[in-house]
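*Asks:* Fold the following.
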Amino acid sequence: MPKLKTHRGAAKRFKVTGSGKIKRGSGYKSHLLTGKSAKRTRRLRTASLVSDADYHTIKRLIPYL
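*Replies:* Below you'll find the predicted structure:
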């Protein structure tokens with residue numbers, strides 16, 4: 001069985017926690033920020049976990065992280 005290649009785009013966007021869950025950042029924070037409230041942009045800074053539905057897809061993209 002050959003080694004698997006890591007999807008480099010995914011490797012920059014996701015991190016694996018100590019317990020094996022996958023952490024992701026929020027979207028909607030790159031531009032057009034003047035129309036968004038300060039409370040909303042602060043909330044977008046915080047990371048969250050990948051949903052159970054997407055977990056196996058993301059795990060396949062980052063096999064060695």
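
*Asks:* Longest helix of this structure, counting residues only.
*Replies:* Looking across the chain with DSSP state H, the single longest helix is helix 52-61.

*Asks:* Name the residues of it that are buried.
*Replies:* Neighbour counts over helix 52-61 (16 or more other C-beta atoms under 10 Å) mark 58, 59, 61 as buried. (Glycine included, C-beta is placed from N, CA and C.)

*Asks:* ranges for the helices of the chain?
*Replies:* 8-13, 38-45, 52-61.

*Asks:* out of the ones you listed, which comes closest to residue 19?
*Replies:* Among those, helix 52-61 comes nearest to residue 19, with 12.6 Å by C-beta to C-beta.

*Asks:* CA atoms of the closest one as CSV?
*Replies:* This file holds the C-alpha atoms of helix 52-61, laid out as CSV (Å, rounded to 0.1, in the frame of the first residue of the first chain):
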residue,chain,number,x,y,z
ASP,A,52,-19.9,14.4,12.5
ALA,A,53,-21.2,14.3,9.0
ASP,A,54,-18.0,15.9,7.6
TYR,A,55,-15.5,14.2,10.0
HIS,A,56,-14.6,11.2,7.8
THR,A,57,-14.3,13.3,4.7
ILE,A,58,-11.8,15.7,6.3
LYS,A,59,-10.0,12.8,8.1
ARG,A,60,-9.3,11.3,4.7
LEU,A,61,-7.8,14.6,3.5
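
*Asks:* helices or strands up against that helix?
*Replies:* Applying 3 or more C-beta pairs under 8 Å, 6 or more residues apart in numbering; DSSP states H and E, we find helix 52-61 packed against helix 8-13, strand 22-24.

*Asks:* starting at the chain centroid, how far to the longest one?
*Replies:* What that stands for is helix 8-13. Taking the mean of its C-alpha atoms, helix 8-13 sits 8 Å from the chain's own mean (C-alpha atoms, centre = their mean, to the nearest Å).

*Asks:* Repeat that for the last one.
*Replies:* In terms of C-alpha atoms, centre = their mean, the centre of strand 22-24 is set 4 Å apart from its chain centre.

*Asks:* Pairing partners for it, with directions?
*Replies:* If you go by DSSP bridges, strand 22-24 pairs up with strand 14-16 (antiparallel), strand 48-49 (antiparallel).
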